[in-house]
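Enquirer: I would like the atomic coordinates for the input below:
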Amino acid sequence: MSDSTSPFAASASSTVPDKPTLDGIEAKWSAAWEEQGTFGFDRSKTRDQVYSIDTPPPTVSGSLHVGHVFSYTHTDCMARYKRMRGFEVFYPMGWDDNGLPTERRVQNYYGVRCDPSLPYDPDFEPPEKPDAKNQLP
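Expert: The predicted structure follows:
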């Protein structure tokens, strides 16, 4: 195939914009995936037609880093592979925002430490406005 007939060849009139925009891309692909049922799950399928992935939800653990990607890439690849092989894939995704990292952040913010030996105080109310100077590191 010559360069002039290549589907990747740029035409003389096409230019790359100085500032590309992503406006509308999410809506476009979300609509396409919804229409195609890409991430749908048919509960009426038999057990041998279903591939289920059960992973613990990720926690809120600070800024995203390569470890977050690594943790879910392998299960995402398996889900995609099984879909391509005709399985109904059950791959729920959620977020755990009540784990230890969040608990520690709240304790630091309010300048308190959790003592599990203390009884639960149902009347406890956090301060209206925490004092930033008294926050723990």
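Enquirer: from the chain's centroid, how far away is the strand or helix carrying His68?
Expert: In this assignment (DSSP states H and E), His68 forms part of helix 66-84. Put simply, helix 66-84 sits 12 Å off its chain's centre (Cα atoms, centre = their mean, to the nearest Å).
Enquirer: I'd like the next helix or strand past that helix.
Expert: Criterion used, DSSP H and E; the element after helix 66-84 is strand 88-90.
Enquirer: avg pLDDT for the helix holding His68?
Expert: In this model, helix 66-84 has a mean pLDDT of 87.
Enquirer: just list what that helix packs against, helices and strands only.
Expert: strand 50-52, strand 88-90 (3 or more Cβ pairs under 8 Å, 6 or more residues apart in numbering; DSSP states H and E). C-beta coordinates here come from the backbone N, C-alpha and C atoms, glycine included.
Enquirer: just how off-centre is the first one within its chain?
Expert: In this case it means strand 50-52. Worked out by Cα atoms, centre = their mean, strand 50-52 lies 20 Å from the chain centre.
Enquirer: adjacent strands (with direction) for it?
Expert: strand 88-90 (parallel) (DSSP bridges).
Enquirer: buried residues in the partner strand?
Expert: For strand 88-90, burial by neighbour count (16 or more other Cβ atoms under 10 Å) applies to Glu88, Val89.
Enquirer: repeat that for stretch 109-116.
Expert: Going by neighbour count (16+ other Cβ under 10 Å), the buried part of stretch 109-116 is Val112.
Enquirer: please apply the same query to stretch 119-137.
Expert: Buried, per 16+ other Cβ under 10 Å, within stretch 119-137: nothing.
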